[in-house]
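S.K.: the following block contains a protein sequence and its predicted model.
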Amino acid sequence: MKTDMQKKILWIGLILMLASSLPMSAQDAKKDRTYKKWWVGSTLWLLGNFDKTNNPEYIQLNVGYRITPKDIISFRFKRSIYSWPIGIPFSSSSFDAPGENYPGHARILAPTIGYQRFWWKGAYVSVQALNAFEKYMDKNGKKIGNGYTLYVDSYLGYQFKFFKNRFFFEPAIGISYWPIRTNVPASFKAVEQKWNNYFIQPGFDFGFNF
């Protein structure tokens, strides 16, 4: 995903945060009447699908259930492709740079289980276990192997509410760490071995309560 697209996503997130500031106080006063058990949502990272150079073909669907007003369990399904090592930091000149990419790409299908805990108003922490089943393709689009990666994602964020708690937006900062990564083709491993097995990233989830 190119830097320009990331900047656009950051600006959209900032605008949503500012737009939510006025209705918040009214919502808080009525929080008991607007409380919802379930929610569905996704992420603003879907906007990366407009990128013409490094299109991630990204899909993400989130479903959550509130065990208590402060505790949520969630199930997420993610699908994407990536052609550069995920461990390259946003700030690096190698991010999405020519010559730093794999000799092909990987496709992932990733069912994810998560837990989220609100500890002060809309502030929360969360942890997610992302089970990525990966299919590796060469430059010609031919399959060269299957693999598995366990990503453990942790976030610190804040939930902003809209329209009497019908909708929410959650800007966050987090770290993704992958302690387990198996069956990576040698040609891919040679490219990614100099990079970290973690990545610091913002989060831009949104959802609908029901």
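M.R.: Great, that's in hand.

S.K.: low-scoring stretches of this protein, by residue?
M.R.: For the chain, the stretches flagged by pLDDT under 70 are 1-34.

S.K.: could you rerun that using 80?
M.R.: 1-35, 52-54, 96 (pLDDT under 80).

S.K.: do a quick rundown of the helices in it.
M.R.: Under the criterion DSSP state H, the chain contains helices at 3-19, 21-29, 31-34, 186-192.

S.K.: quick one: residues in contact with stretch 194-207.
M.R.: Stretch 194-207 has contacts (CB atoms under 8 Å, 6 or more residues apart in numbering) with 9-10, 12-13, 16, 39-45, 62, 64, 85-90, 155, 157, 167-179, 181. Glycine gets a C-beta too; all of them are placed from N, C-alpha and C.

S.K.: all strands for this structure, in order.
M.R.: Ranges of strands in the chain, per DSSP state E, are 38-43, 59-68, 71-82, 104-120, 123-138, 143-158, 160-162, 167-182, 198-209.

S.K.: restricted to buried residues, select the contacts of stretch 194-207 in ChimeraX.
M.R.: A single ChimeraX command selects the buried members of the contacts of stretch 194-207 (16 or more other CB atoms under 10 Å):
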select :9,13,16,39,41,42,43,44,45,62,64,85,86,87,88,155,157,167,168,169,170,171,172,174,176,178,181
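
S.K.: quick one: Lys70 and Phe118 touch, right?
M.R.: Yes. With contact defined as CB atoms under 8 Å, Lys70 and Phe118 form a contacting pair (4.5 Å).

S.K.: okay, those two: which has more neighbours?
M.R.: Per other CB atoms under 10 Å, whichever of Lys70 and Phe118 has more neighbours is Phe118, with 18 against 12.

S.K.: and Glu159, how far from Ser93?
M.R.: Quick fix: residue 159 is Gln, not Glu. The gap separating Gln159 from Ser93 is 35 Å, by CB to CB, to the nearest Å.

S.K.: my bad, should have said Ser154
M.R.: In terms of CB to CB, Ser154 sits 27 Å off from Ser93.

S.K.: so for the two, which sits in the more crowded spot?
M.R.: Set Ser154 next to Ser93 and count neighbours by other CB under 10 Å: Ser154 wins out with 14 against 9.

S.K.: can you give me every residue that contacts that one?
M.R.: If you count contacts by CB under 8 Å, 6+ apart, Ser154 has them with 125-128, 174-175, 177.

S.K.: max pairwise distance over the residues you listed: which two?
M.R.: Using CB to CB, the contacts of Ser154 span at most 15.2 Å, a distance reached by Val125 and Tyr177.

S.K.: before we move on, the earlier item: how about JSON lines for the strands of the chain, with distance to Pro98 added?
M.R.: Below are the strands of the chain laid out as JSON lines (distance: least, CB to CB, whole Å):
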{"stretch": "strand 38-43", "distance to Pro98": "27"}
{"stretch": "strand 59-68", "distance to Pro98": "27"}
{"stretch": "strand 71-82", "distance to Pro98": "16"}
{"stretch": "strand 104-120", "distance to Pro98": "15"}
{"stretch": "strand 123-138", "distance to Pro98": "18"}
{"stretch": "strand 143-158", "distance to Pro98": "22"}
{"stretch": "strand 160-162", "distance to Pro98": "38"}
{"stretch": "strand 167-182", "distance to Pro98": "24"}
{"stretch": "strand 198-209", "distance to Pro98": "20"}
